[in-house]
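Colleague: Just need the structure, nothing else, for what follows:
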Amino acid sequence: MSSKIPFFTLSNGVRMPSVGLGTWQMTGEEGKTVIRNAILAGYRHIDTATLYQNEEQIGEALAELIAEGVVKREDLFITTKAFCHEIAPDVIEQALRDSLERLRLDYVDLYLAHIPAATKECGNFREDVKVEHIWKGLEKLYELKLTKSIGVSNFNEDQIERVVRIQRIPIHVSQLELHLYLPQKAHREVCKRYRIIVTAYATLGSPGRMSVIGANGVPLFESTKNAANELVDKNVKALAQKYNKTPAQILLRATVEMGIVVIPKTTNPERMKENIDLFDFNITKAEVNLLEAHGKPNQRLFWWPNVAEHPEDPFASER
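Modeller: Next up is the predicted model:
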């Protein structure tokens with residue numbers, strides 16, 4: 001593994017690099033090039049999902065890099081996720097086997113249920129599938145050794161508590177939207193109690209979200225277009241100046257300092273290097289606390305409208 005990126009150790013002993021590359025919106029040849037650039041820049045943790053439609057390109061890039069001797073499979077940490085139509089226990093094994101085929105791998109390092117709301121392939125809700133059932137399906141995949149660890153994504157605290165009550169194999173990771181203006185303190189507390197490692201997405205406010213166009217021709221995230229930009233937060237800018245780092249580097253470093261894995265997404269090779277160049281300075285606990293004390297209201301950017309009114313909608317209480 002790249003020595004300069006610290007690890008977090010999951011409750012089952014698996015080591016997870018604290019910084020990875022998010023790959024949402026990376027498809028086609030660009031996706032393949034980006035993965036190659038990332039591995040050459042020192043990334044060993046790649047985060048993808050069926051939903052991103054780029055597992056094939058990632059698989060091609062990794063197979064080439066392994067064949068060239070640039071990296072070994074055991075040095076990589078690959079995460080993928082089952083989407084709504086794949087998370088029910090009667091379909092999830094095939095979903096992971098399909099992902100593995102596309103990724104050209106025998107196993108992934110982490111497999112996540114992308115969101116707790118099960119649907120049929122057509123998008124219709126499967127109200128018969130609860131989070132407890134989803135977890136039982138994931139446990140089976142772990143026992144089959146198709147994945148080294150299992151976890152959840154976009155689950156709320158109550159849903160995690162429900163899984164904990166019935167689990168045989170513990171939740172290893174919880175991935176969710178987490179950034180300066182959505183610090184997820186309650187969620188972090190629950191995860192700490194159960195030794196669950198938290199992974200943050202949208203740590204930099206996901207500027208790329210505004211380029212996603214919905215079926216009606218309107219940007220999918222139109223309702224969040226005026227969201228406050230954490231990269232221009234006055235405390236972030238002051239620390240960037242103090243340490244001679246970019247605001248993005250300050251936000252990422254502070255998040256890792258809180259014991260949280262970050263998976264920033266970029267296709268820009270320079271920014272890619274910047275996003276892992278986080279460990280040649282020390283941000284203090286007081287400075288992390290200063291960032292967290294900004295007093296801004298919680299600002300969720302990702303609302304997942306496709307699961308609104310689902311019995312397992314994780315954001316029902318916030319909508």
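
Colleague: Report the buried residues of whatever helix or strand residue 162 lives in.
Modeller: Per DSSP states H and E: residue 162 is located in helix 157-166. With burial defined by 16 or more other CB atoms under 10 Å, the residues of helix 157-166 counted as buried are 157, 159, 160, 162, 163. Backbone N, C-alpha and C define where each C-beta goes, glycine included.

Colleague: Then stretch 99-109?
Modeller: Within stretch 99-109, the residues that count as buried by 16+ other CB under 10 Å are 99, 100, 102, 103, 104, 105, 107, 108, 109.

Colleague: Take those and keep only those in strands.
Modeller: Counting by DSSP state E, no part of the buried residues of stretch 99-109 is found in strands.

Colleague: ok, the helix or strand following the helix holding residue 162: who's next to it in the sheet?
Modeller: Following helix 157-166 in sequence order, the next helix or strand is strand 173-177 (DSSP H and E). Partners of strand 173-177 in the sheet, by DSSP bridges, are strand 150-153 (parallel), strand 197-201 (parallel).

Colleague: Dump those to TSV, plus distance to residue 254 and mean neighbour count.
Modeller: TSV is the format used below for those (distance: least, CB to CB, whole Å; neighbours: other CB atoms under 10 Å):
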stretch	distance to residue 254	mean neighbour count
strand 150-153	22	25
strand 197-201	11	24
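
Colleague: now the ones you listed in a markdown table, with distance to residue 168?
Modeller: Shown next, in a markdown table, are the strands paired with strand 173-177 (distance: least, CB to CB, whole Å):
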| stretch | distance to residue 168 |
| --- | --- |
| strand 150-153 | 11 |
| strand 197-201 | 19 |
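
Colleague: still on that earlier bit, let me know the closest of the buried residues of helix 157-166 to residue 310.
Modeller: The shortest approach to residue 310 among the buried residues of helix 157-166 belongs to residue 159, at 11.9 Å (CB to CB).

Colleague: Quick check, pLDDT for the closest one.
Modeller: On pLDDT, residue 159 comes in at 98.

Colleague: ok, it - contacts?
Modeller: Residue 159 makes contact with 116, 131, 152, 312, 314 under the criterion CB atoms under 8 Å, 6 or more residues apart in numbering.
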